[in-house]
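Asker: A structural model of the following input is requested.
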Amino acid sequence: MATNVWYLTVRALKVSIRVPWALIPNFAISLFFLLVYNGGLSGIAALPQFAGSHYIDFILPVAVVSGAVGGAGQALVRDIETGYLTKMALTPVSRLALVLAPMLAGMVQLVAQTLVILLVSFTMGLTIPTGFGGFLAILAFTAGWGLAFSGYAVAIALKTRNGQASQAATFIFFPLLFLSDTFVPMSLIRAHWMRIAVHINPTTYVFNAMRALLSPSVSMPAIWHGIIAIVAAVAVTLTWALTSTRKSLAARG
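Answerer: Reported below is the predicted structural model:
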């Protein structure tokens, strides 16, 4: 099983690298959020609700997480369209490996992209008070969210078997993004319905866990809430993707 996952993940990464134009939109979205929102909204960090933090510390998690859009689903659609997935299904390869490999490939792509975003952020004045451990923890949260969102993308790809439909479905991320404390702290959100949406949105807890790592006073409850949100999201999307694989292969079988 581990060997199956390793070789299939490496192959998925090689396939993605051969089509570099498919990776550019995700990186462009992340860079857009970082540059435009930090440039346009950085002045509100003077409000007391930001507790003296720079706005880039607040907006960076948004730039990082937004890069999860796309990725794994498109690579899997190519395998479906070329018949590669059907051929692999005739071998003793684990069904879990068929699902987990593109998810891990999507996760690795997001982590690599995040490293570049962090390098750009350092040139804009970003500091990580929690040091190298905080830096690694941010990458760990990025990896977890990347795995969870890749599971969703894989499940949609298996269900639709269509590249355009799969790509369109990943834009569910944008409601998750904007129905969160994306641009201002929760205390500045006045609409009651919006506050309810923020509380039930798992993206909120991922954002706040990363923000806690960028704060001089680390909030451990925020860290744990972020971990729980990611574990729950990975469990749901991985189960959904695995179920979709079995149904898809059975229907073709």
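Asker: could you show me where the strands are in the chain, in order?
Answerer: Here the chain has no strands by DSSP state E.
Asker: where does it dip in pLDDT?
Answerer: 20-23, 68-75, 162-170, 248-253 (pLDDT under 70).
Asker: repeat that with 90
Answerer: For the chain, applying pLDDT under 90 flags the ranges 1-59, 61-114, 124-131, 145-192, 194, 214-219, 237-253.
Asker: top helix in it by residue count?
Answerer: In the chain, taking DSSP state H as the definition, the longest helix is helix 220-252.
Asker: Give me the packing partners of that one, helices and strands only.
Answerer: helix 84-89, helix 95-123, helix 131-160, helix 202-213 (3 or more CB pairs under 8 Å, 6 or more residues apart in numbering; DSSP states H and E). C-beta here means a position set from N, CA and C on the backbone, and glycine is covered the same way.
Asker: who wins for proximity to Thr3 among the ones you listed?
Answerer: Closest to Thr3 of these, according to CB to CB: helix 95-123, at 8.7 Å.
Asker: Could you tell me how many residues sit around Ile24?
Answerer: 9 (other CB atoms under 10 Å).
Asker: let me fix that: Phe171
Answerer: 10.
Asker: I'd say Leu31 and Ala63 touch.
Answerer: Yes: applying CB atoms under 8 Å, one finds Leu31 in contact with Ala63, separated by 7.3 Å.
Asker: list residues touching both of the two?
Answerer: Residues touching both Leu31 and Ala63 (CB atoms under 8 Å, 6 or more residues apart in numbering) are Ile117.
Asker: Sweet, I'm off.
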